[in-house]
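Q: Everything below, folded, please.
(one chain, ligands or ions: 1)
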Amino acid sequence: MLTGKKILVQRYGDFIRGRRTTESRLYRNNIVPTLKDAVPGDLGLVLPYRIMVDLDEMIKALDKIAPGLASDETLLYGVEVKFYSNKVMVDDTFETSLKNLYTLGDGAGITRGLMQASANGLYAARHLYREEACPEN
Ligand SMILES: Cc1cc2nc3c(=O)[nH]c(=O)nc-3n(C[C@H](O)[C@H](O)[C@H](O)COP(=O)(O)OP(=O)(O)OC[C@H]3O[C@@H](n4cnc5c(N)ncnc54)[C@H](O)[C@@H]3O)c2cc1C
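A: Numbers count the residues shown, from 1 in each chain. Down below sits the predicted model:
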């Protein structure tokens, strides 16, 4: 989504400073990306925080056996990963393509929080109540 389906690249110096690598910063970098169509950006927007922390820890550890690896100029590649985007297809009453099977809440990928999930439950319950009490409406 951020890179037009390309791999994202960030300088380690930008990574630890929490800023994006721009075209101009990459242009001034002495290490040139071997992956030519990689798009400069911010790995913080595509990787979960824990993985960012682990990457940083690994680079610092590797720097002890290969000094220089934790240089600002080292390039890191990353793919955009979203773990929560799977969604069950539903209509506007939250009914699936299987008649009378409704899916709601976080498990269905529809909500991501207490308020949304509660409202989702109420909405569907009211719909089902109306269907049951006055099916002609
Ligand atoms: C640690 C943590 C902290 C969070 N903090 C916040 C917060 O501060 N603010 C916020 O808005 N949201 C927060 N959330 C998210 C919030 O908890 C969820 O968005 C919300 O609970 C989703 O509601 P739900 O009804 O869709 O699913 P759930 O609350 O997960 O309810 C699903 C229910 O289905 C039951 N179940 C599962 N399988 C079966 C089965 N086979 N048969 C029968 N029952 C089954 C489960 O036991 C569970 O009771 C937090 C979540 C976590 C994990």
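Q: I figured Arg25 hits Arg11, correct?
A: Yes. Counting by C-beta atoms under 8 Å, Arg25 does reach Arg11; the two are 6.3 Å apart. The way it works is simple: take the backbone N, C-alpha and C, and place the C-beta from them, glycine included.
Q: So between those two, which is more surrounded?
A: Arg11 (24 against 16; other C-beta atoms under 10 Å).
Q: Could you report the pLDDT at the residue in the chain positioned nearest to the ligand?
A: The ligand sits closest to Gly105 of the chain, with a gap of 2.2 Å, by C-beta to the nearest ligand atom. Predicted confidence (pLDDT) at Gly105: the value is 94.
Q: Just give the nearest non-adjacent residue to it, would you?
A: Ala117 (4.5 Å; C-beta to C-beta, 6 or more residues apart in numbering).
Q: returning to that earlier point: enumerate every residue touching the residue of the chain closest to the ligand.
A: Listed by C-beta atoms under 8 Å, 6 or more residues apart in numbering, the contact set of Gly105 reads Thr111, Ala117, Asn120, Gly121.
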